[in-house]
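**Student:** sequence unknown, structure follows:
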C-alpha cells in the first residue's frame, strides 16, 4: 500500500480533511479542508487526564502519565490527542516488571519519551482520520507526534490501524473520548518501544 504524499505535521494536523481543534481548525494552516470533518464529536467535560483516569481499561497508561510528570501538561490548554495503549497492550508490550520500572524516578525520561510517541497535537477523532484517508483516495495518511516520530494511519476493513516507523502497529479500539483540551483514542498496542534503564 503506497503512503500518501503528505505528512500531517503539528501545524497541519489533519488538514487534508480538517481537524477538530476548535481553536485552530483547518483555517489556521491556510487550507479549507473538509467542513464536515471539522464538525466532529463535540468536546465533553474534563481533560485528557480525567478521561484517562475515568477509563478502567487505561489505568496503566494513566498511572504512567502521572509518574512521568505529564499530568500537568495533559491537564493544560493543549489541545492534544493521546493514542493510549490499553492495560493489556502496555503489560503485554512491556511486561509487568519493565512497566513498574518505568514508573520509577530513574526511568522518568524513558517514560516521557514513550508517552510522547503516543501524543499528537490537535483534537483528532476517528471521523477525522477516516475522512483524511478518504480524501487521500484510501491511501495511508501520516501525523507527526510530540516525539517527532511519524504515525501512519490506514484502514483494515472497518478498523483503523496506526503504525510507527519501527514497525510497531496497533488498532484503534474501544470508545474515543473528546474532552475540553483534546481527545483520548484507546489502542491495542504500543507505538514506541521503551528504552531500558540508564547504564
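**Tutor:** Arrived safely, thanks for sending. Predicted, not measured: the structure shown is a model, and the values here were computed from it.

**Student:** can you count the residues close to residue 97?
**Tutor:** 8 (other C-beta atoms under 10 Å). Where C-beta positions appear, they are placed from N, C-alpha and C, glycine not excepted.

**Student:** check it and give its pLDDT.
**Tutor:** What the model reports as pLDDT for residue 97 is 89.

**Student:** centre of the chain to the one helix or strand it maps to, how far?
**Tutor:** In this structure, residue 97 is located in helix 96-102 according to DSSP states H and E. With C-alpha atoms, centre = their mean, to the nearest Å as the basis, helix 96-102 stands 22 Å off its chain's centre.

**Student:** which is the succeeding secondary structure element to it?
**Tutor:** Downstream of helix 96-102 (by DSSP H and E), the next one is helix 108-116.

**Student:** buried stuff in that following helix?
**Tutor:** 110, 111, 112, 113, 114, 115, 116 (16 or more other C-beta atoms under 10 Å).

**Student:** same for that helix, what does it pack against?
**Tutor:** helix 59-67, helix 96-102 (3 or more C-beta pairs under 8 Å, 6 or more residues apart in numbering; DSSP states H and E).

**Student:** got JSON lines for these, with distance to residue 182 too?
**Tutor:** Output for the helices and strands packed on helix 108-116, formatted as JSON lines (distance: least, C-beta to C-beta, whole Å):
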{"stretch": "helix 59-67", "distance to residue 182": "13"}
{"stretch": "helix 96-102", "distance to residue 182": "23"}
